[in-house]
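Q: okay, here's the prediction I keep looking at, along with the sequence it came from:
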Amino acid sequence: MPDVVAYHGVPVLVCDAAGVTIADVQDALDHLIGAAFACAEVVAVPSARLDDRFFDLSTGLAGAILQKFANYRLRLVVLGDIGHHLSASSALPDLVREANRGRDIWFVPDLDALADRLAPNGARRSSG
C-alpha cells in the first residue's frame, strides 16, 4: 500500500517504485486515483512505474491519464529522471515545461523537489 505523507500540509500519496506498471487508463484508476481519492490531493508516482507509451505523446496515453486526474481533481507528480524520454521526443519537453508552470501536473526529480514546490510561496523552480 502506498504511503500518504504531508508536505506543508498537503497530503501526498507516494507510490512505491516497485508497484504495478501503469500501462493504461484503468491501471491509473485502479492503482493511483482509486488509492488516493479519499486521502490525498497529490499522487506522486515514480517515472519507472509509467509505461513507456505514457511518454510517447502520440499514443494518447498521457493525455487520457492526465484527463482522469483532472476529472477527479487530483494532482499528478511524476518523480525521477525522464531525460531519456525527453531526448527521444520533440513534443514531450514542451508538455513538461508547460506542466511545471502550472499547479496540477509536475515532473520533478525527487520528493525533496516536490516538497519545495508545495511549500508556501512554493519554490517556482522548473524541474523539468
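A: Cool, got the structure. Numbers count the residues shown, from 1 in each chain.

Q: and the helices in this structure?
A: Assigned by DSSP state H, the helices in the chain fall at 25-28, 34-36, 52-55, 61-71, 83-87, 92-101, 111-118.

Q: in JSON lines: the ones you listed, plus mean neighbour count and mean pLDDT.
A: Glycine gets a C-beta too; all of them are placed from N, C-alpha and C. JSON lines is the format used below for these (neighbours: other C-beta atoms under 10 Å; pLDDT from 0 to 100):
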{"stretch": "helix 25-28", "mean neighbour count": "16", "mean pLDDT": "95"}
{"stretch": "helix 34-36", "mean neighbour count": "18", "mean pLDDT": "80"}
{"stretch": "helix 52-55", "mean neighbour count": "19", "mean pLDDT": "97"}
{"stretch": "helix 61-71", "mean neighbour count": "16", "mean pLDDT": "95"}
{"stretch": "helix 83-87", "mean neighbour count": "13", "mean pLDDT": "97"}
{"stretch": "helix 92-101", "mean neighbour count": "16", "mean pLDDT": "96"}
{"stretch": "helix 111-118", "mean neighbour count": "18", "mean pLDDT": "96"}
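
Q: for stretch 48-61, measure first residue to last.
A: Chord length of stretch 48-61, first to last residue, is 15 Å (C-alpha to C-alpha, to the nearest Å).

Q: what are the contacting residues of that stretch?
A: Stretch 48-61 is contacted from outside by 15, 17, 19-25, 62-63, 65, 78, 80, 82, 85, 88-89, 91-92, 95, using C-beta atoms under 8 Å, 6 or more residues apart in numbering.

Q: stretch 97-114 too?
A: 7, 12, 14, 42, 44, 47, 66, 69-70, 75-82, 96, 117, 125-128.

Q: so how far is stretch 70-81 from its chain's centroid?
A: 4 Å (C-alpha atoms, centre = their mean, to the nearest Å).

Q: would you list the helices of the chain in TSV and tack on distance to D3?
A: Listed next are those as TSV, based on distance: least, C-beta to C-beta, whole Å:
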stretch	distance to D3
helix 25-28	19
helix 34-36	11
helix 52-55	22
helix 61-71	19
helix 83-87	26
helix 92-101	24
helix 111-118	11
